[in-house]
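A.B. asks: any chance you could fold what I've pasted below:
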Amino acid sequence: MNIEKLSRREIARLVAQDIPDGAYVNLGIGIPTLVAGFLPAGRDVILHTENGIVGMGPGDPARPLDLDLINASKEAVTLLPGASITDHVVSFAMMRGGHLDLTVLGAFQVSGRGDLANWDTGEPGTIPAVGGAMDLAAGARQVYITMEHTTKQGVPKIVRECSYPLTGAGVVDRIYTDLAIIDVTPAGLVVRGMVAGLALGALQAVTDCPLTLAPQWRELRPGAA
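C.D. replies: Next comes the predicted model:
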């Protein structure tokens with residue numbers, strides 16, 4: 001496919017633009033952690049990390065490294081005014097109790113029904129690591145997924161049926177990939193955005209379940225982050 005794809009930072013920027021003002025948001029490991037650095041100025045978003053911070057800010061390279069202030073990816077972060085530090089009991093109670101408006105997670109596979117597989121591929125030499133993903137997928141009001149559209153071998157990661165163990169069934173609301181933004185709806189997968197120069201047929205060719213193009217879809221231009 002001779003199309004310029006979105007970078008991981010550009011995927012994170014698109015997610016950040018779509019987070020509403022006043023939302024309580026958990027950021028998972030990988031691409032989701034980049035979202036903190038792209039939240040628009042003036043937007044009041046309260047970031048949560050499962051290891052026990054509410055009111056997390058992005059890392060600051062100018063500050064000395066403080067290993068007591070890290071996110072779930074073990075990356076340095078900052079505390080915004082009014083931030084709170086909790087133990088795991090309180091943090092997971094927020095996750096399980098429906099107190100988060102949104103969680104942004106990575107994925108190995110997402111099905112056309114919104115099933116999520118993101119903790120184990122079963123490949124030799126890999127270590128299954130569910131962490132708090134099941135709690136987040138079940139407890140957050142919305143689940144956004146960030147990932148590459150295919151594996152390095154070109155195999156679709158948006159599939160009819162997940163072949164990997166599920167994190168949650170029917171939990172995904174929206175998928176952000178390096179090629180498109182796709183909503184999971186009761187009527188199927190609806191494409192809300194595609195990278196510049198990509199046709200729906202080409203996107204369908206690397207997606208294992210049917211896609212419908214939204215009437216008001218938008219063009220996504222790489223190189224903006």
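A.B. asks: ok, Ile158 to Gln204 distance?
C.D. replies: To Gln204, Ile158 is 10 Å away according to C-beta to C-beta, to the nearest Å. C-beta here means a position set from N, CA and C on the backbone, and glycine is covered the same way.
A.B. asks: neighbour-wise, which of the two wins?
C.D. replies: Each of Ile158 and Gln204 has its neighbours counted (other C-beta atoms under 10 Å); Ile158 has more, 26 against 15.
A.B. asks: first-to-last residue distance for stretch 189-201?
C.D. replies: Length of stretch 189-201, first residue to last, C-alpha to C-alpha, to the nearest Å: 14 Å.
A.B. asks: other residues contacting it?
C.D. replies: Applying C-beta atoms under 8 Å, 6 or more residues apart in numbering, the contact partners of stretch 189-201 are 3-6, 14, 112, 158, 174, 178-183, 203, 207, 209-214, 217-222.
A.B. asks: ok, Ala23 - how many residues close by?
C.D. replies: Other residues lying near Ala23 total 16 when counted by other C-beta under 10 Å.
A.B. asks: and it, how far from Gly223?
C.D. replies: In this view, Ala23 and Gly223 are 27 Å apart by C-beta to C-beta.
A.B. asks: same question, Leu14
C.D. replies: Leu14 is 13 Å from Gly223, where distance means C-beta to C-beta.
A.B. asks: partners of the longest strand seen in the chain, with directions?
C.D. replies: Taking DSSP state E as the criterion, the chain has its longest strand at strand 211-220. According to DSSP bridges, strand 211-220 forms sheet pairs with strand 188-195 (parallel).
A.B. asks: ok now the next helix or strand along the chain from the strand it pairs with, how far from the chain's centre?
C.D. replies: Sequence-wise, the next helix or strand downstream of strand 188-195 (DSSP states H and E) is helix 200-205. Computed by C-alpha atoms, centre = their mean, to the nearest Å, the chain-centroid distance of helix 200-205 equals 22 Å.
A.B. asks: if you count neighbours, what's buried in helix 200-205?
C.D. replies: Leu203 (16 or more other C-beta atoms under 10 Å).
A.B. asks: let me see the mean pLDDT of it.
C.D. replies: Averaging pLDDT along helix 200-205 yields 97.
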